[in-house]
Structure formats: C-alpha cells, structure tokens
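**Q** Got a predicted structure here, sequence first:
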Amino acid sequence: MANESNRQAELKRMVLCASCAGIQRNWRRAPGHAELVQLSSRKEERSDGDRGGHTVNVTSYRCDACGTRWEYENDKTNQQAGWSVVGQ
C-alpha cells in the first residue's frame, strides 16, 4: 500500500503538457495525441475469472513535449482499459 501511495504522490507532482492533460485515461479507444512516440509493445495475460484468461497488447509511449511516459492497454473486454500514465 505504501508503494501505491508513493506512486500516486509522484504522479501528482508531474507536470503534463496541455496535450497530455487532455488525454482521457482509463477509457478504451480514447485518442492520444500527435507528440506521443511509440517505444515498445508487449503482450500480457488478463484473467477472466471463471472463464480463464486472454491476452492483451500493452504499448508504451513517451511524449516528446513533456517527457511523460504512457501505456495504452488494448483490451476489447474491458472498457476501462486504455491510457494510463506510468512516469516521467
């Protein structure tokens, strides 16, 4: 729990450019912006509870304007997947 509190405090201190601040987080299919540079992509397993699991793509980006690092999770079964800030 302390690590999550520290992470949240770190994210609050970050200064996002106007374009990054406008990205709708945790909503699948929300657009990014033109200055996001794709860094890498990976596959991760997600649990579906009783039904087993499935694989999703997670793509990492960095903003050229402010340096914010983002991840976009493409999970068609989860409407709250999408953009999340992971650091700076």
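**A** Sure, I can see it. Numbers count the residues shown, from 1 in each chain.
**Q** Just checking, which helix or strand of the protein averages the lowest pLDDT?
**A** Among the helices and strands of the chain, helix 2-13 carries the lowest confidence by mean pLDDT, DSSP states H and E, at a mean of 63.
**Q** What's the first helix or strand after it?
**A** helix 18-21 (DSSP states H and E).
**Q** Contacts made by that next one with the rest, please.
**A** 33-35, 63, 65-66, 68, 70, 85 (CB atoms under 8 Å, 6 or more residues apart in numbering). To be clear about C-beta, it is placed using only N, CA and C from the backbone, and glycine gets the same treatment.
**Q** most centrally placed residue in the chain?
**A** S84 (2.5 Å; CA atoms, centre = their mean).
**Q** Show me what the helix or strand hosting that residue is packed against.
**A** Here S84, judged by DSSP H and E, is contained in strand 83-87. With contacts taken as 3 or more CB pairs under 8 Å, 6 or more residues apart in numbering; DSSP states H and E, strand 83-87 sits against strand 69-74.
**Q** Alpha carbons of the strand it packs on, as PDB, please.
**A** Output of strand 69-74 as PDB, limited to C-alpha atoms (Å, rounded to 0.1, in the frame of the first residue of the first chain):
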ATOM      1  CA  ARG A  69       5.500   8.100 -20.200                       C
ATOM      2  CA  TRP A  70       2.200   6.500 -21.100                       C
ATOM      3  CA  GLU A  71       0.900   2.900 -21.600                       C
ATOM      4  CA  TYR A  72      -2.100   2.100 -23.800                       C
ATOM      5  CA  GLU A  73      -3.800  -1.200 -23.000                       C
ATOM      6  CA  ASN A  74      -5.900  -2.600 -25.800                       C
END
